[in-house]
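Asks: Turn this into a structure:
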Amino acid sequence: MIESGDQVGVTCPACSPNHETIHEVLSPGGQATVRCGECGHVHTSTAEDSPTVRAVRTIVSQDGESVSATMDLPDEAILEVGDRFVVDTEEAVYSVELTDIEDQSGGRHERHRAGEIETLWTRDIGNVSVNVTVNPARGGGGSSWSARQQLPGDETVSVGDEFRIDGTVVRVTGLLLRETTTPDGVRTLDTVGDESMAMDLERIYARPAHPVRRDPW
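Replies: The predicted structure follows:
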């Protein structure tokens with residue numbers, strides 16, 4: 001029998017319409033009033049039984065470092081690589097993307113039931129470090145070089161944009177999208193105006209925006 005204060009796993013129309021999240025029961029009944037533990041949205045839902053909830057180890061990777069936390073998930077919840085959610089750790093609250101799922105026997109999965117998961121591997125998408133390859137200016141000399149650019153995850157990067165990196169002003173000539181964000185298989189954007197959020201980028205390609213002029217002799 002569900003009572004006020006119980007935790008149940010149901011979908012949230014505000015933040016997770018396709019996946020169950022933990023909710024607190026505010027008012028039980030056939031159409032229970034519940035509050036989402038992820039975003040705080042209050043709504044009604046049919047919650048017949050209180051599912052088993054377990055703490056799942058969650059690793060958040062950020063620019064070469066990792067933070068360990070736990071997430072309370074109903075056993076029947078289904079998680080999939082590419083899912084995005086919030087992880088609350090002792091250090092900070094992270095917006096993350098699920099990158100790998102490890103089951104209790106050490107196997108890896110693209111999609112799995114929470115009750116059989118040992119560890120969720122995620123990456124921070126609130127602030128991201130994107131690889132940048134700067135190629136020589138067309139018709140100029142020199143060689144390619146690489147760097148990393150720190151960007152807010154929700155910042156839009158467009159082909160044709162200019163920015164400064166390692167003291168050089170460069171112009172974006174192409175974007176390589178992360179594999180998890182391209183279900184149609186198209187990962188390269190190279191037309192002026194093509195754009196993507198920084199969190200979805202694997203690499204930015206660029207050239208010097210103001211190449212050095214060479215004397216004609």
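Asks: any idea where the helices of the protein begin and end?
Replies: Counting by DSSP state H, the chain forms no helices at all.
Asks: Now do the contacts for the spatially most central residue of the chain.
Replies: For the chain, E97 is the residue whose C-alpha lies nearest the centre (Cα atoms, centre = their mean; 2.8 Å). Listed by Cβ atoms under 8 Å, 6 or more residues apart in numbering, the contact set of E97 reads G82, D83, R84, T122, R123, I125, T180, M199. C-beta here means a position set from N, CA and C on the backbone, and glycine is covered the same way.
Asks: Bridged to it, which residues?
Replies: Under DSSP bridges, the beta-bridge partners of E97 are R84, R123.
Asks: roughly how far apart are it and Q104?
Replies: 23 Å (Cβ to Cβ, to the nearest Å).
Asks: Looking at the residue nearest to the centre of the chain now. What's its pLDDT?
Replies: For E97, the model assigns a pLDDT of 95.
Asks: From G126, how far off is it?
Replies: In terms of Cβ to Cβ, E97 sits 10 Å off from G126.
Asks: Identify the farthest-apart pair in the contacts of E97.
Replies: D83 and M199 (13.4 Å; Cβ to Cβ).
Asks: quick one: which of these two has more around it?
Replies: M199 (23 against 19; other Cβ atoms under 10 Å).
Asks: correct me, but the more buried one touches L177?
Replies: No - using Cβ atoms under 8 Å, M199 makes no contact with L177, being 10.5 Å away.
Asks: Can you spell out the domain ranges of the protein, please?
Replies: 7-45, 53-125, 128-208 (automatic domain parsing).
Asks: which one of the ones you listed has the lowest average pLDDT?
Replies: domain 7-45 (a mean of 86).
Asks: So for it, first residue to last residue, what's the gap.
Replies: Start and end residues of domain 7-45 are separated by 13 Å (Cα to Cα, to the nearest Å).
Asks: ok, back up a step: return every residue with contacts to both of M199 and L177.
Replies: Counting by Cβ under 8 Å, 6+ apart, M199 and L177 have no shared contacts at all.
Asks: Contacts only, for L177.
Replies: L177 makes contacts with V186, R187, T188, L189, S196, D200, L201, E202, as judged by Cβ under 8 Å, 6+ apart.
Asks: cool, V96 as well?
Replies: So V96 contacts V60, R84, F85, V86, V87, T122, R123, D124, I125 (Cβ under 8 Å, 6+ apart).
Asks: Next up, the contacts around the closest residue to the fifth one other than its chain neighbours.
Replies: The shortest distance from V87 to any non-neighbouring residue, by Cβ to Cβ, 6 or more residues apart in numbering, is to Y94 (4.9 Å). By Cβ under 8 Å, 6+ apart, the contact set of Y94 is V60, Q62, V67, V86, V87, T122, D124, G126.
Asks: What subset of those residues is buried?
Replies: Buried subset of these (neighbour count, 16 or more other Cβ atoms under 10 Å): V60, Q62, V67, V87, T122, D124.
Asks: For A198, which non-adjacent residue is spatially closest?
Replies: A198 sits nearest to L151 (Cβ to Cβ, 6+ apart), 4.0 Å away.
Asks: Just list whatever residues bridge to that neighbour.
Replies: Beta-bridge pairing for L151 (DSSP bridges): V128.
Asks: Number of residues surrounding it?
Replies: L151 has 19 nearby residues by other Cβ under 10 Å.
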